[in-house]
Every structure is written in structure tokens, then in C-alpha cells.
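> generate coordinates for the sequence data below:
(chains A and B)
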Amino acid sequence: MNTDLSIEDITKGLAEKRFSARELAKEFLDVAKKKDKDIHAFLNFTEDRALNQAEEIDKKISRGEKLGFLAGVPCSVKDAILVEGAPCTAGSKALEYYIAPYDATVVTKIKDAGAVIIGKTNMDEFGMGASTENSAFGPTKNPHDLTRVSGGSGGGASASVAAGECVIGLGEDTGGSIRLPSSFCGVVGLKPTYGAVSRSGLIAMASSLDQIGSLAQRAQDAEDLFAVICGKDELDATSLEYEYKPLENFALKNLRVGVAKEFFGEGLMPEIAERMKAVLQKLEDAGATVQEIRLPHAKYALAAYYIISTSEVSANLARFDGIRYGKRAAKIRTLLDGYLQSRGEYLGDEVKRRIMLGTYALSAGYYEAYYLKAQKVRTLLQKDFQAAFAKVDVIMGPPSPFLPFKIGERNEDPLAMYLVDLYTVPVNLVGLPALSLPAGSVGNLPVGLQIISKPLEENLLFAVAKELENLV
Amino acid sequence: MISKEEVQHIAQLARIRVDEKDVEKLQKNLSEILDYFNVLGEVDVSRVEPMTHSIALQNVSREDVARSKDLTLTQKLIDMFPAIREGFLKVKAIFSR
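Numbers count the residues shown, from 1 in each chain, chains lettered A, B, ... in the order given. Model (predicted):
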């Protein structure tokens, strides 16, 4: 059986009885396990649960019952998102033996829609990294070149989709963790508007920035998954009322595309700039207008992002102290000993670094210089985007200045790794939705195109993506 | 450049034990990143309000009533305790003798 299937192919295949949901699940699990020997997209497979879910769907089919929107569709779930009864490590040794006690809201939603969860995908520890090299369980390799990284933090999610190990994937994006790996692996990845998707059951990294989103090989499939997971949830006070409606009769003609000079700055690899030019030309040929816009404060976004995110990290990760869950160090005498020892031993270097940075930024005497200042820069950046969106419908540019790099190439220098996020973090700071779409390749390495829209205009992002993926 | 003492002080605040051999590397890494943060010094933020969240929400509240009726969930949460005695979470003494 071919695993290059869309949601529509699966819906039809099940209806026409060309395969059963169980056969499909088994096939994807077999393919995934085989391919994963090289790629390592998954931290664990949820085989028994997947087969049980699939059998339930087959029973529904035999009884002639109505099926969910994602019935039988093999799905991967990033390991920061809880799936009841399955291990959930967030890529950390601290949670190596943690079993999720309940389902995240998004997981309940995709299960109700009939999606078959085949496993949990690899990630940089607690979402901190741009390559999955910070996973305590080893990196995920790029399916297009096994000597290169898959991007991060959600490299497992994007690699699992790119390699055809599943059809759709749930990811999570704090500063680019869906879009960057999507561009590195050549798949579609959406970071929704902040609040569009419930974060209940997500292991938090930076709560004012985190957002769960969808990945797939095709824009239509990522859109279908997003339509299932979005909306208000009483378990997440920041979630928004959201009834998703795809745009109908959309054409690229008259679309106003903004290109920010700040996303084409020094440091951008010339091959990527060339690809972007080619894509923008195709857009103009299709009748869109392309104009330059300015985001004067975008160059400060990376510093502001790392101050705000590490500050929130230092608070959020205080819970991993070996008291209520996770690993507790042996041979400790006092409570304080337990905190120091457990966190010192089981948290990875990058996680410790960011907790310490955030602790520093929030500590007495530094709060105003770092945290408060960064929050004000955030306001200025939001004004930049608002001014730009008065003139254009979408903003486009590269998701990263770099192509997928070699494993080990950047890992020794934290700042060099942070620079990979240069073009993805601005939208997280201001809560905008953004999508990474495959935009061709340089040699055998995929290049992505980042498309940004106004809040709650995911339907425009997908409409543009569906048109563009036929052109590039 | 932050000092070695500062590194240890931050580590202590963050409740992370740092080995003496790692202090120097942390001192270098943290200082480089903090230097990078100084780029924000260029921005004039006088009369700019700080932004805490990208969506302006106010006072999201609900009735203060217990909602979970499911004791199996409670048990699953208890099962995840690293140390347990008679159904209670077990921790070390707060003071050393």
C-alpha cells in the first residue's frame, strides 16, 4: 500500500472499502517503524491504541454509522502534548517515565474526529532548540538528507509527515517550532493566532507565546486538521471563540503581498533569497501585487523574544522539581537538596541555560532593563505589523535565513542556534498566525515560504497556500 | 561579563545545582547572550505601554465549583508521584538536623 495519501484519499478509500482503517493503521505503523530506524522522528509508537482506534472505526463502518472528519487518518502528536496512557517526555530525561494521565483538549478533539494516533514525536527538550539536537533522546534527522537536522523544536513532527510515516501531525510553536522544521523538511506547517487553539494539556514552555498547530504534506490537510482543533475551551482561559470557515472562490489576483525588507537582511543565504524572488515573481504573474513594507522593530524581535520566553520558561519549568512528578534524584537529605539535585541532574544544558537567563532577567535590579523593556518593544512591533496590514493582506518571506544545517554544526554555540529563529519569532510576540509552505528546493534541501496574516485569518493563509502550492 | 559568583547565585535562585567545572562555560554563554540583549538599548520606549499578551483579555472567570468527578484521574495523578506513602506524596524534611 502507498502511504502517500491525503485525508480525502483515505475518506474515499474507506468508503469504497479499498482498505480498512486497521489495514491502513498497520501499514503506516510498519512504514514508520522501518523508516524511523534512520530518521528517529518518533520517541514512541502508540501501536495498541492506534489499532484499537482503527478497529472502532471499522466497526462504525460495518454498522453504517457516520464517520468523523478525520476518520482513519494516521496522525503523529508532538511529545509536549498529552495523550492519555502514553509516555509524555517533552524530550526530557526529567519526564522519561511520565505517563500522561489525561488527553490534551486537542487530542480529545482529533480522537472524536476519528484520527488514529500512531505515536509521539521527537523534539528539543521542552521545545528549546532549533534542530532537535537538544532532545535527551537523540536528534531527528532530515528525511531529505540524513546528515542534516530536521529543524526544531518540532523536528519529529515535520519529519514524520515528510517521510510519509503519517498523514497529519500536531505540533506546537513558541518561536518557530512548527514553521522552521516544516520549512527544513518541506511540509506545510501552521502556527495559528494566539488563542485560536486550546493549550490545555500542552506542557508549557512560554505561555504567552505557545500555540498548538497543524502539519501536513498538503495545505488542504493541514487546514482540515486546524478546522478540527480550533475553538474555545473552558480549560484554557486564553482560548477564543472560533468557528473556522474556509475561504471560497479565492484567487491570487489582486492579493496584496507585503515583503518586509527586515526579512531579507544580511545573513540570509543568497540561495534562499533567489527562491523567494522566484516565488514572488510567480505571484505577480498570477495577478497579485507585491510591495515593500517596513517592520522597523523586527530587528529587535529576537532579543525581545529570548528575554520574554526565557523569563516565562524560568517560571513554567519551576514545576520540574522532582516533587509531584518526573524524576527525583536519589541520595538527597533535604527538600532543597532534592530541588537542586533533581534539576541539576535531569534537565539538559540548554534548558538550564534558559531557566538561568530568565531567572536573571526577572531578578531584582534587572526586571526593568530586560523584561519590561522587552514587553514595550513587543508593543512597538505590534504597531509595525498593524501599520503594514493597513496596506497589505499578507506578508511573505523566508522562515529562516538558513538551509537545513549539518548535525553538530551549530550545537556548541547557543547564540548561533538562536539566530536560526530570526524570522519566525516576531509573529509569536504579537500573536499573529503564520504558515510555512514548501517553496521548492536548493539542491535536495527544501526551502519554505513564510506567509503571515492578520489575527484569525487562517482561512486566508490556507487559501493562498492552496493556490501557491500548485505554482511552486 | 557576569562573574562566577553571579552564575552560582542565579543557579541557586533557579534551584539548579551547577558543578564547579561547568561554571566557566555558563559564565561565557550567559554573558554572550546578555550582551546580545543589549541591542534593545537602542530602542526608545518612553511613553510605550508594555504588552503582556497578544490578545486583550480581561478577567476570564468561572464559578468556583469542583468539576472533576472522576476518581480514576486522581489516582493516575497520584501514580505519577516520585515517592509515595499511604497515598500521600512523600517529601524530604525541610530542615536538616
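
> so what's residue A:267 up against?
Applying Cβ atoms under 8 Å, 6 or more residues apart in numbering or on different chains to residue A:267 gives the contacts A:401, A:419, A:422. Every C-beta, even on glycine, is put in place using the N, C-alpha and C of the backbone.

> can you name the residue of chain B nearest chain A?
Going by Cβ to the nearest Cβ, chain A is nearest to residue B:54 of chain B, at 2.4 Å.

> look at that residue and say how many residues are nearby.
Number of residues near residue B:54 (other Cβ atoms under 10 Å in any protein chain shown) recorded here: 22.

> list the buried ones in stretch B:88-97?
If you call a residue buried by 16 or more other Cβ atoms under 10 Å in any protein chain shown, then stretch B:88-97 has these buried ones: B:91-92.

> quick check, the residue in chain A closest to chain B?
Chain B sits closest to residue A:431 of chain A, with a gap of 2.4 Å, by Cβ to the nearest Cβ.

> hang on, that residue packs against residue B:54?
Yes. In this structure, residue A:431 is within contact of residue B:54 by Cβ atoms under 8 Å, at 2.4 Å.

> need the overlap of contacts for those two.
Here residue A:431 and residue B:54 share the contacting residues A:194-195, A:455, scored by Cβ under 8 Å, 6+ apart.

> and chain B, which of those residues contact it?
A:194-195, A:455 (Cβ under 8 Å from any Cβ of the partner chain).

> tell me which of those fall in strands.
Cross-referencing these against strands under DSSP state E gives no overlap.

> tell me how far residue A:445 lies from residue B:48.
40 Å (Cβ to Cβ, to the nearest Å).

> over to residue A:38?
In this structure, residue A:38 and residue B:48 are 50 Å apart, going by Cβ to Cβ.

> one step back: which one of the ones next to chain B among the shared contacts of residue A:431 and residue B:54 sits closest to residue A:335?
Nearest to residue A:335 out of these is residue A:194 (Cβ to Cβ; 36.5 Å).

> and the closest one, how many neighbours does it have?
Neighbours of residue A:194 (other Cβ under 10 Å): 25.

> any idea of the pLDDT on it?
Turning to residue A:194, the model gives it a pLDDT of 97.

> ok, it - contacts?
A:208-209, A:211, A:238, A:428, A:431, A:455, B:53-55.

> how about CSV for those residues, with distance to residue A:389, secondary structure and pLDDT added?
Listed next are these as CSV, based on distance: Cβ to Cβ, whole Å; DSSP: H, G, I helix; E, B strand; the rest coil; pLDDT from 0 to 100:
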residue, distance to residue A:389, secondary structure, pLDDT
A:208, 21, coil, 95
A:209, 20, coil, 97
A:211, 19, strand, 98
A:238, 22, coil, 94
A:428, 17, helix, 98
A:431, 13, coil, 97
A:455, 9, coil, 97
B:53, 19, coil, 82
B:54, 14, coil, 83
B:55, 16, coil, 81
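
> which of those count as buried?
A:208-209, A:211, A:238, A:428, A:431, A:455, B:54.

> got these as CSV, with distance to residue A:171 columns?
Formatted as CSV, these follow (distance: Cβ to Cβ, whole Å):
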residue, distance to residue A:171
A:208, 18
A:209, 14
A:211, 10
A:238, 19
A:428, 13
A:431, 17
A:455, 20
B:54, 19
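
> about what we covered before: in terms of packing, which of residue A:38 and residue B:48 has more residues around it?
For residue A:38 versus residue B:48, the count of surrounding residues by other Cβ under 10 Å is larger for residue B:48: 16 against 11.

> for the more buried one, grab phi and psi.
phi -110, psi 130 (degrees, to the nearest 10).

> quick one: it and residue A:376 touch, right?
Yes. Under the criterion of Cβ under 8 Å, residue B:48 makes contact with residue A:376 at 4.4 Å.

> what do these two both touch?
Counting by Cβ under 8 Å, 6+ apart, nothing touches both residue B:48 and residue A:376.

> residue contacts, the closest residue in space to residue B:45 that isn't next to it in sequence?
Leaving aside its chain neighbours, residue B:45 sits nearest to residue A:376 (3.9 Å; criterion: Cβ to Cβ, 6 or more residues apart in numbering or on different chains). By Cβ under 8 Å, 6+ apart, the contact set of residue A:376 is B:43, B:45, B:48-51.

> doesn't residue B:91 make contact with residue A:338?
Yes. With contact defined as Cβ under 8 Å, residue A:338 reaches residue B:91; the gap is 7.3 Å.

> intersection of neighbour lists for those two?
Counting by Cβ under 8 Å, 6+ apart, the contacts common to residue A:338 and residue B:91 are residue A:323.

> what is the neighbour count of residue A:214?
Close neighbours of residue A:214, defined as other Cβ under 10 Å, add up to 32.

> perfect, that will be all.
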